[in-house]
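Asks: only geometry, no sequence info:
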């Protein structure tokens, strides 16, 4: 009997399906006689805006305290304490989102997409570390960034990376920045967020592939100091350039360097540069020729990069969901593939014209073509400038922290005999005053 | 020689200062530009229930172990059917609350008798995993009163929502935080 009733209802339902549309009111809502009251849906509110302002204020305070600790207090343990605080607050408490690194993408999108409005906290997360770097060097990297803190925390057995490898690997960060901006500008994806190695640790769960990637980065970070910061971080790329010209910077020896080389051995990031040797006349001639060659090569590299970048636009454009959808719909329509996917089914139920979709996809492709030129040119420029930078002569009389590479972690302070002498002196002066 | 060295140092300093000022000005320009693009209200992720195709990605793509997306029920739209395809599978063995008859893999929908011939269906949110199987059934055969929504007591409001990136119908969008839900209502086209 139940079966029969079920069958009748099913047939009735199937007939009603002939309307075509889904979610229509096939059955009029009943009028109850028993005094039944409709339950109303619960709608729990999102997190209050005010907490985001609290985050921004904590960021500002951490940057101020960090700058003081790096430049005035010169204490590794205090910097480490602040770093742990940032790891706990921005990382595990705030789940690592929003972060300054990812904010690059929001800023890019808001520049290119006029309909995108950017939250004020994201703007501040992007700009505050930049301004602080212009004044005080990379204190953000040292003690505020939770990703840096995570890696610094596990750095137990640092090995030194050869200079050529270091310089080569660093190019990845520039390429990563370029792609992140390209994909954000075209509204395709936020790849920095998608491939953030530690955010799944902060949230205590996430995509298994990203968890494995994060675990690998952490494992490498035990031996190679901060691999993400040095070889991948796209925000670090910007901070590097700003740190080159910062007003203040990390000084290893408080006054006079005695060339003991202890700091260079202590730095796990290979950021300390030796005093340079004198050049002979012959060296000059060779270097001049090489520099001239590289300067001529620079525009060639830019053009070659741009050309190559434009060539791969068919591949990069697939990062955009609309392009992927258009390709799939095209393949289905021409009968090259069997069946449908969720996106193509969803597209067909909207009743939108296929031509319309193709037009949108080819417009996005064009953007990628132009963006590919810019991206490739940028990579060419970076490679060229790197080569030029390597062949320009620098003079250093003391051991110095490289302005771009120094992460201001403060390890070298503890190793400098001059610093120890200074501390002793200031302690004595303090005792005498008492 | 000495004088030349001194000269070159000043030139370098001048260049560096100029570059520094330029960078600061650049940051200022970006800041100024972004101020023009500021958002008045904060926004949160939400699903447009009329675009959602209940594909099931919400249950698996959320960064949370238990998805922030849950099923909601617009009782005003519901037909209170005796045989609800949001509750029963396509070919139920019997019309009762036995687990083998239910479409919900976690048994999160409660069916209770109201009055003849009407049954009330409510969602136990602690059990719901946001898979949308019931939504699909209800949309296909019923009034479409079951629908998926991002629950904001759970959502982390990620910068890039993982589910939004995997959504096949672009149903995810950012909505103002003071109106964080897109509920189904009676009489919507």
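Replies: Received, thanks. The model shown is predicted, which means the values in this text are computed figures rather than measured ones.
Asks: quick one, phi/psi of residue B:109?
Replies: Dihedral angles phi and psi of residue B:109 (degrees, to the nearest 10) take the values phi -100, psi 130.
Asks: show me what contacts it?
Replies: Residues counted as contacts of residue B:109 (Cβ atoms under 8 Å, 6 or more residues apart in numbering or on different chains) are B:71, B:86-87, B:102, B:121-124, B:134. The C-beta positions use only the backbone N, C-alpha and C, and glycine is treated the same way.
Asks: Can you tell me the element the residue nearest to residue A:312 when sequence neighbours are not counted falls in?
Replies: The spatial neighbour of residue A:312 that comes closest, neighbours along the chain excluded (Cβ to Cβ, 6 or more residues apart in numbering or on different chains), is residue A:372 at 6.2 Å. Taking DSSP states H and E as the definition, residue A:372 sits inside helix A:354-391.
Asks: ok, now residue A:286?
Replies: Under the criterion DSSP H and E, the helix or strand holding residue A:286 is helix A:281-311.
Asks: Name the single longest helix found in chain B.
Replies: In terms of residue count, the longest helix belonging to chain B (DSSP state H) is helix B:2-36.
Asks: touching chain A at all, that helix?
Replies: Yes - shown here: helix B:2-36 in contact with chain A (Cβ under 8 Å from any Cβ of the partner chain) through B:16, B:19-20, B:23-24, B:27, B:30-31, B:33-35.
Asks: picking up where we left off before, how far off helix A:281-311 does the helix holding residue A:372 point, in degrees?
Replies: Between the axis of helix A:354-391 and that of helix A:281-311 there is an angle of 180 degrees, by axes from the mean of the first three to the mean of the last three Cα atoms, to 10 degrees.
Asks: Now helix A:354-391: buried residues?
Replies: Of the residues in helix A:354-391, those buried under the neighbour-count criterion (16 or more other Cβ atoms under 10 Å in any protein chain shown) are A:357, A:360-361, A:364-365, A:367-369, A:371-384, A:386-387, A:391.
Asks: what's the answer for stretch A:251-265, then?
Replies: Residues of stretch A:251-265 classed as buried under the neighbour-count rule (16+ other Cβ under 10 Å) are A:251-254, A:257, A:263-264.
Asks: sorry, back to before: what is the rounded mean pLDDT of the helix holding residue A:372?
Replies: Helix A:354-391 shows a mean pLDDT of 94 in the predicted model.
Asks: Packing partners of that helix?
Replies: Contacts of helix A:354-391 with other secondary structure elements, assessed using 3 or more Cβ pairs under 8 Å, 6 or more residues apart in numbering or on different chains; DSSP states H and E, are made with helix A:163-185, helix A:281-311, helix A:313-316, helix A:321-333.
Asks: mind checking which of those is nearest chain B?
Replies: Closest to chain B of the helices and strands packed on helix A:354-391 is helix A:321-333 (Cβ to the nearest Cβ; 7.2 Å).
Asks: just the angle between that closest one and helix A:354-391, please?
Replies: Between the axis of helix A:321-333 and that of helix A:354-391 there is an angle of 130 degrees, by the same axes, to 10 degrees.
Asks: and the next element down the chain from helix A:321-333?
Replies: Proceeding C-terminally, helix A:321-333 gives way to helix A:342-350 as the next helix or strand, assigned by DSSP H and E.
Asks: contact partners of that following helix?
Replies: Outside helix A:342-350, the residues within contact range by Cβ under 8 Å, 6+ apart are A:22, A:321, A:324-325, A:328-329, A:332, A:340, A:357, B:53, B:55, B:57, B:168-169.
Asks: now the helices for the stretch 1-150 of chain A?
Replies: Under the criterion DSSP state H, counting those that start in this stretch, the stretch 1-150 of chain A carries helices at the ranges A:2-17, A:49-68, A:76-86, A:100-112, A:120-136, A:139, A:146-154.
Asks: Could you look over these and pick the most buried one?
Replies: Greatest average neighbour count among the helices of the stretch 1-150 of chain A goes to helix A:139 (a mean of 34), per mean count of other Cβ atoms under 10 Å in any protein chain shown.
Asks: which residues make contact with that one from outside it?
Replies: In this structure, residues lying in contact with helix A:139 by Cβ under 8 Å, 6+ apart are A:63, A:66-67, A:70, A:132-133, A:408.
Asks: Let me see the mean pLDDT of the helix holding residue A:286.
Replies: Per-residue pLDDT values over helix A:281-311 give a mean of 92.
Asks: So how do I select the buried members of the contacts of helix A:342-350 in PyMOL?
Replies: Isolation of the buried members of the contacts of helix A:342-350 (16+ other Cβ under 10 Å) is achieved in PyMOL through the command below:
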select buried, (chain A and resi 22+321+324+325+328+329+332+357) or (chain B and resi 53+55+57+168+169)
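Asks: From the contacts of helix A:342-350, pick the one nearest residue A:121.
Replies: Ranked by distance to residue A:121 (Cβ to Cβ), the contacts of helix A:342-350 are led by residue A:321 at 26.9 Å.
Asks: what about that closest one, distance to residue A:187?
Replies: Here residue A:321 is placed at a distance of 9 Å from residue A:187 (Cβ to Cβ, to the nearest Å).
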